[in-house]
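Asker: Provide a 3D model corresponding to the input given below.
(one chain, ligands or ions: 1)
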Amino acid sequence: MSLEDKLLKIAKALGTDEVVDIESAHISGISYVNIGEAGLEYIKDLERHRSHVRVFTTCNPGALDLDVLSAQDPQQEIVRTLRSLGVSTVLTCTPYEFVRVRPRRYYAWAESSAAAYIASVHDAYCEKFPGPLALLCALCGRAPRIGKMLLENRIPRVLVKLRTGRLTYVRAGILGKYLAETFGEAVPYIENASEIFHSKECVKSFLAAYVTFSNNVFVVLEGITPRSDYYKNIADFEDKVTIDPTDISKEYREVISSDKVELAKRRSLIVVGCPHLSYEATVRCVEALSGLGAKCLVFTSRFVKSRLGTLSRGNVDILADTCLFVSYLVNYVENNFDVVLTNSVKQAHYLERVLKGVEVRILDFNRLEEAISESQ
Ligand code: F3S
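Answerer: Purely as a prediction, here's the structure:
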């Protein structure tokens, strides 16, 4: 069966006969930790058949920073094989930092936080695709038109008024979780979003957390989403909600710990950069974390790291190409730390699942919050 036929078959299984041209694709699940030998063999088989992507295609983080991996490591072989399929191997979950995204065009992106970002910030037509489907779409240059790739599924159903004032990075993430858990898949319309989320990093934090707890990738952010006034006109609000600072604090109290106490008492690891940080945020965060009495890992893309040179300073290491959740570092963390502190609601959720015997807490640290919340 040809790849095209496979795609049509999958489209049918997803409830559509319509397959549309895409502008770009983004593949997830390329870490050796996740796909192992079977996954590597699968992409090598594609290579043997001389398969090649038909649209610009990027991929998610892998098992470790390629700078520190031996040439024989299977992750290097995964990256080499992807490259021979035509995939751009800047291994990051924030490809939108360097890939052009146009409104109302179709995309097959498999990283949920990235799909939510381009859907909500660029008005791109996309869904949360599984990694293998995004790869198939990349090879065909087309994707099944489903879910939020259809205008009728992008109609806002919940009007959200925020009386919280400007949200910091952590509080933006908590709001994302709160909205997703309260309203499920109903598309929210957030009034005055450009006032509330005053930096790109805060939007990233909000959307990454939101889409972790909801299957919906599209949120209308008034003043940020292109043509948000159009979406307000077609809205059919079934719910209207006003969120006060106390609503956020209620959630906040459940997950926040005082970092000072944790740092003083126990072997703590601070993890920042989920989703991967922009250039400016990386520089500011390294500054804010330097000199703390704890080991810190800052995750970003190779694109950013190559501009920085070696910025690792004392207690802070900058890592590209990877993310703790899908990395070889999980054992190292379990063996060397009692507690992991992160400012990412998404990261905390996933690390709780993979780390055994290590407590995962949300980090509330003013200096870091100021650094990241002001970064573009
Ligand atoms: Fe990126 Fe890993 Fe977070 S892929 S969004 S840093 S869980």
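Asker: element containing N233?
Answerer: helix 228-234 (DSSP states H and E).
Asker: now swap in E370 and tell me
Answerer: Following DSSP H and E, one finds E370 within helix 366-373.
Asker: does the ligand sit close to that helix?
Answerer: No - against the ligand, helix 366-373 shows no contacts by Cβ under 6 Å from any ligand atom, the least distance being 14.0 Å. For glycine as for every other residue, the C-beta is placed from the backbone atoms N, C-alpha and C.
Asker: can you list the residues that contact that helix?
Answerer: By Cβ atoms under 8 Å, 6 or more residues apart in numbering, the residues outside helix 366-373 that reach it are 168-170, 198-199, 201-202, 272, 277, 281, 284-285, 287-289, 343.
Asker: hmm, which two among these are most spread apart?
Answerer: H198 and L289 (21.9 Å; Cβ to Cβ).
Asker: among these two, which residue is more densely surrounded?
Answerer: Legend: neighbour count by other Cβ atoms under 10 Å for H198 and L289, higher for L289 (23 against 17).
Asker: what is the neighbour count of the spatially closest residue to the more buried one that is not a sequence neighbour?
Answerer: If the residues on either side of it in the chain are set aside, L289 comes closest to C296, at 4.4 Å by Cβ to Cβ, 6 or more residues apart in numbering. By the measure other Cβ under 10 Å, the count of residues near C296 is 25.
Asker: can you tell me the SS state at C296?
Answerer: Assigned with DSSP: H, G, I helix; E, B strand; the rest coil, C296 falls in the strand class.
Asker: return the residues in contact with it.
Answerer: So C296 contacts L269, I270, V271, V272, L289, N315, V316, D317 (Cβ under 8 Å, 6+ apart).
Asker: ok, of those residues, which come out buried?
Answerer: L269, I270, V271, V272, L289, V316, D317 (16 or more other Cβ atoms under 10 Å).
Asker: L91 pairs with what?
Answerer: C59 (DSSP bridges).
Asker: could you list every residue that touches it?
Answerer: L91 neighbours (Cβ under 8 Å, 6+ apart): I30, C59, N60, P61, G62, L66, V79, S301, R302, A320, D321, T322.
Asker: ok, now how distant is it from the ligand?
Answerer: Distance of L91 to the ligand, computed by Cβ to the nearest ligand atom, to the nearest Å: 9 Å.
Asker: likewise V345?
Answerer: For V345 relative to the ligand (Cβ to the nearest ligand atom), the value is 10 Å.
Asker: so what's that residue closest to, chain neighbours aside?
Answerer: Using Cβ to Cβ, 6+ apart, the closest residue to V345 is G173 (3.4 Å).
Asker: so what pLDDT did that neighbour get?
Answerer: What the model reports as pLDDT for G173 is 95.
Asker: so it, which state does it fall into?
Answerer: helix.
Asker: for the stretch 151-300 of the chain, what spans make up the helices?
Answerer: Using DSSP state H, counting those that start in this stretch, the helices of the stretch 151-300 of the chain run over 169-183, 193-196, 200-213, 228-234, 245-255, 259-265, 279-289.
Asker: to clarify, my last question referred to the stretch 1-150 of the chain.
Answerer: Under DSSP H, counting those that start in this stretch, the stretch 1-150 of the chain gives helices at 3-13, 32-48, 74-84, 112-121, 131-140.
Asker: how much does the fourth one deviate in direction from helix 169-183?
Answerer: If I follow you right, that is helix 112-121. 90 degrees (axes from the mean of the first three to the mean of the last three Cα atoms, to 10 degrees).
Asker: residues making contact with helix 112-121?
Answerer: 26, 93-96, 101, 107, 109, 124-129, 148, 203-204, 207-208, 210-212, 217-221, 224-225, 275, 346.
Asker: next one: the second one
Answerer: For helix 32-48, the external contacting residues (Cβ under 8 Å, 6+ apart) are 29-30, 62-63, 73-75, 77-78, 81-82, 84-85, 135, 139, 326-328, 330.
Asker: how far off centre is it?
Answerer: Put simply, helix 32-48 sits 23 Å off its chain's centre (Cα atoms, centre = their mean, to the nearest Å).
Asker: what angle separates that helix from helix 74-84?
Answerer: Using the same axes, to 10 degrees: helix 32-48 against helix 74-84 is 40 degrees.
Asker: what average pLDDT does helix 32-48 get?
Answerer: Rounded mean pLDDT across helix 32-48 is 97.
Asker: now do that helix against helix 131-140, angle only.
Answerer: Using the same axes, to 10 degrees: helix 32-48 against helix 131-140 is 30 degrees.
Asker: cool, and the first one?
Answerer: Between the axis of helix 3-13 and that of helix 131-140 there is an angle of 130 degrees, by the same axes, to 10 degrees.
Asker: and the closest residue to the ligand within the stretch 51-200 of the chain, what does it touch?
Answerer: Nearest residue of the stretch 51-200 of the chain to the ligand (Cβ to the nearest ligand atom) works out as C93 at 3.1 Å. Residues in contact with C93 (Cβ under 8 Å, 6+ apart) are S28, N60, P61, E111, S113, A114, C274, P275, H276, C323.
Asker: and the pLDDT for E251?
Answerer: 68.
Asker: check the one 4 residues further on too.
Answerer: Reported pLDDT at V255 in the predicted model: 59.
Asker: just the one 5 residues further on next, same as before
Answerer: pLDDT recorded at K260 is 60.
Asker: ok so, going back, for the helix holding N233, name the packing helices and strands.
Answerer: strand 188-190, strand 220-221 (3 or more Cβ pairs under 8 Å, 6 or more residues apart in numbering; DSSP states H and E).
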